[in-house]
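S.K.: Structure for this input, please:
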Amino acid sequence: MKAPGGGEIYYEGTTLQRWALPPGLLYLCGEMRFLRLLFFLLLLPLAVLAQQRPAPKGGTPPKGQRIELLTAGELVGGDFNGVEIRKLIGNVSFKQQNTFIYCDSAYQYIGRNALEAFSNVRIVENDTLTITGDQAFYDGDTRKARMTGNVVMRDPRMTLITQTLDYDLNRKQAYYTNGGRLTDPENTLTSQRGYYNTASKVFSFRRDVRLTTKDNLITTDSLQYNTVSKIAYFFGPTRITGQEGRSLYAENGYYNTITRVSNFQRNAKIETPDYLLGGDKLVYDEARQYGVATGNVSMTSKKDNILIRGDVGRYWRALGKAKVYGAPVMRNISDRDTLFLAADTLMSVEGQPGQTSGALFMPFPKCASSAPTCRAAATR
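M.R.: Numbering: from 1, shown residues only. Below you'll find the model as predicted:
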């Protein structure tokens with residue numbers, strides 16, 4: 001059955017009538033239905049996103065807690081090039097979380113959540129860490145501070161002095177790049193660059209590093225120092241210069257500034273006015289004046305022009321005695337000939353007061369020598 005206008009609609013076998021509309025009006029109605037559908041589809045993703053918390057973009061720092069102004073003798077507010085600024089003078093103090101900032105005057109940038117502090121600047125964190133200086137900039141969103149001019153950082157274990165210090169309060173990392181000096185009750189360290197983790201209490205020093213203890217001077221280019229254990233770790237060519245002409249050298253290892261025990265690897269050696277002892281690994285106890293070298297050991301008697309090689313070498317400086325184990329071989333070079341001596345163990349004993357100057361080298365069983373006897377004495 002045709003409806004007026006010629007249109008028919010079939011629904012479950014039944015013909016339904018509809019009114020015929022003018023063609024222009026039919027076109028307009030269709031366009032409106034299409035626009036309503038398009039508008040709904042465009043709004044659907046926005047409605048879904050509105051129910052979700054947007055994740056911050058990668059690399060975008062989160063907004064920090066607002067910096068709170070606590071005190072100021074005088075406050076002047078205004079806008080400068082569209083930026084809201086507070087000028088604060090006299091007994092100025094701020095707070096953000098557990099960090100307090102004190103100064104004589106400051107500019108506070110409200111929209112940026114940042115401030116510049118001037119004169120007698122002091123930053124206090126957790127009542128344990130204090131940084132003082134002439135001027136500072138602090139970003140409240142990133143929680144990064146830069147202090148300049150006569151900077152001093154203090155905590156219960158150490159004092160650091162430099163001219164410019166950057167401190168990341170979130171990462172607990174402070175660093176300087178223009179020279180600094182760290183002191184604690186036992187030691188003093190200086191370097192061109194330094195990095196301090198205020199949580200782990202570990203300092204990393206770079207370039208022209210000098211560690212001065214009560215008894216020694218350590219020079220290197222890369223050193224890590226634990227302000228709790230007082231142990232210094234080094235990762236490059238390092239020399240420890242002590243009293244009475246003693247020095248130690250290595251390219252990796254550590255030194256305990258409390259026990260005065262060195263543990264060296266990589267081309268390790270100890271040198272005194274009389275002897276040079278080296279090996280792949282060297283442990284030296286300054287308090288006991290005792291050293292042990294292992295792996296490719298070489299011991300040289302400077303006075304007697306004698307070289308001993310072996311697997312293990314022990315040196316008792318106070319006793320003037322040294323032993324080399326592990327198939328040692330001794331070589332003595334004189335003006336006329338060279339003496340070779342091999343044994344299970346070779347021991348050197350320095351001359352005692354009142355005796356002829358020199359060292360006595362004593363081989364133990366199973367010795368072989370290029371000389372008629374297996375007992376050799378080197379004297380001057």
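S.K.: where exactly do the helices run in the stretch 1-150 of the chain?
M.R.: Ranges of helices in the stretch 1-150 of the chain, per DSSP state H, counting those that start in this stretch, are 23-50.
S.K.: Please enumerate the strands of it.
M.R.: 9-11, 14-16, 68-71, 74-80, 83-96, 99-109, 114-125, 129-139, 144-155 (DSSP state E, counting those that start in this stretch).
S.K.: I'd like those strands written out as a markdown table, with mean pLDDT added.
M.R.: Output for the strands of the stretch 1-150 of the chain, formatted as a markdown table (pLDDT from 0 to 100):
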| stretch | mean pLDDT |
| --- | --- |
| strand 9-11 | 34 |
| strand 14-16 | 33 |
| strand 68-71 | 96 |
| strand 74-80 | 88 |
| strand 83-96 | 95 |
| strand 99-109 | 97 |
| strand 114-125 | 98 |
| strand 129-139 | 98 |
| strand 144-155 | 97 |
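S.K.: Among the ones you listed, which comes closest to Thr198?
M.R.: Judged by Cβ to Cβ, the one of those that comes nearest to Thr198 is strand 129-139, at 5.8 Å. C-betas here are computed from N, CA, C, even on glycine.
S.K.: neighbouring contacts of that closest one?
M.R.: 64, 67, 94, 101, 103, 112-124, 144-155, 165, 167, 174, 198 (Cβ atoms under 8 Å, 6 or more residues apart in numbering).
S.K.: where's Gly90 relative to Ile123, distance?
M.R.: 19 Å (Cβ to Cβ, to the nearest Å).
S.K.: What of Thr238?
M.R.: Thr238 sits 34 Å away from Ile123, going by Cβ to Cβ.
S.K.: which of these two has more neighbours?
M.R.: Neighbour totals were compared for Thr238 and Ile123, and Thr238 leads with 28 against 24 (other Cβ atoms under 10 Å).
S.K.: Quick test: name the residue nearest the centre of this protein.
M.R.: The residue lying closest to the centre of the chain (Cα atoms, centre = their mean) is Ser204, at 3.9 Å.
S.K.: And it, which helix or strand is it part of?
M.R.: strand 202-212 (DSSP states H and E).
S.K.: starting at the chain centroid, how far to that strand?
M.R.: In terms of Cα atoms, centre = their mean, to the nearest Å, the centre of strand 202-212 is found 10 Å from the chain centre.
S.K.: which residues are in contact with it?
M.R.: Defining contact as Cβ under 8 Å, 6+ apart, one finds that strand 202-212 is touched by 158, 182, 187-197, 217-227, 232, 257.
S.K.: and these, which of them are in strands?
M.R.: 158, 182, 188-191, 193-197, 217-226, 232 (DSSP state E).
S.K.: Show me which of these are buried.
M.R.: The neighbour count (16 or more other Cβ atoms under 10 Å) marks 158, 182, 189-191, 193-196, 218-226, 232 as buried among the ones in strands among the contacts of strand 202-212.
S.K.: I'd like to know how far Leu115 sits from Phe137.
M.R.: Computed as Cβ to Cβ, the Leu115 to Phe137 distance reads 8 Å.
S.K.: Looking at the two now, which is surrounded by more residues?
M.R.: Using other Cβ under 10 Å as the criterion, Leu115 and Phe137 rank with Leu115 on top: 26 against 16.
S.K.: Okay, and the beta partners of the more buried one?
M.R.: Gln108, Tyr138 (DSSP bridges).
S.K.: Thought Arg66 was touching it, still the case?
M.R.: No - Leu115 is beyond contact range of Arg66, at 11.4 Å (criterion: Cβ atoms under 8 Å).
S.K.: Next, show the common contact partners of those two.
M.R.: Common neighbours of Leu115 and Arg66 (Cβ under 8 Å, 6+ apart) are Gly140.
S.K.: Name the helix or strand for Ala268, please.
M.R.: Per DSSP H and E: Ala268 is located in strand 261-271.
S.K.: For that strand, which outside residues touch it?
M.R.: Against strand 261-271 from outside (Cβ under 8 Å, 6+ apart): 240, 246-256, 276-287, 291, 293, 315.
S.K.: hmm, try it at 7 Å
M.R.: Residues outside strand 261-271 that contact it (Cβ atoms under 7 Å, 6 or more residues apart in numbering) are 240, 247-255, 276-285, 291.
S.K.: Give me the sheet partners of that strand and which way each runs.
M.R.: According to DSSP bridges, strand 261-271 has the following sheet partners: strand 247-250 (antiparallel), strand 252-256 (antiparallel), strand 275-285 (antiparallel).
S.K.: buried set for it?
M.R.: By neighbour count with 16+ other Cβ under 10 Å, strand 261-271 contains the buried residues Val261, Ser262, Asn263, Phe264, Arg266, Ala268, Lys269, Ile270, Glu271.
S.K.: Make a markdown table out of those residues and add distance to Arg309 and pLDDT.
M.R.: Formatted as a markdown table, these follow (distance: Cβ to Cβ, whole Å; pLDDT from 0 to 100):
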| residue | distance to Arg309 | pLDDT |
| --- | --- | --- |
| Val261 | 26 | 94 |
| Ser262 | 22 | 92 |
| Asn263 | 22 | 95 |
| Phe264 | 19 | 93 |
| Arg266 | 18 | 88 |
| Ala268 | 15 | 93 |
| Lys269 | 14 | 91 |
| Ile270 | 16 | 90 |
| Glu271 | 17 | 89 |
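S.K.: Among the residues you listed, which one lies nearest to Lys321?
M.R.: Ile270 (14.6 Å).
S.K.: beta partners of the closest one?
M.R.: Leu248, Leu277.
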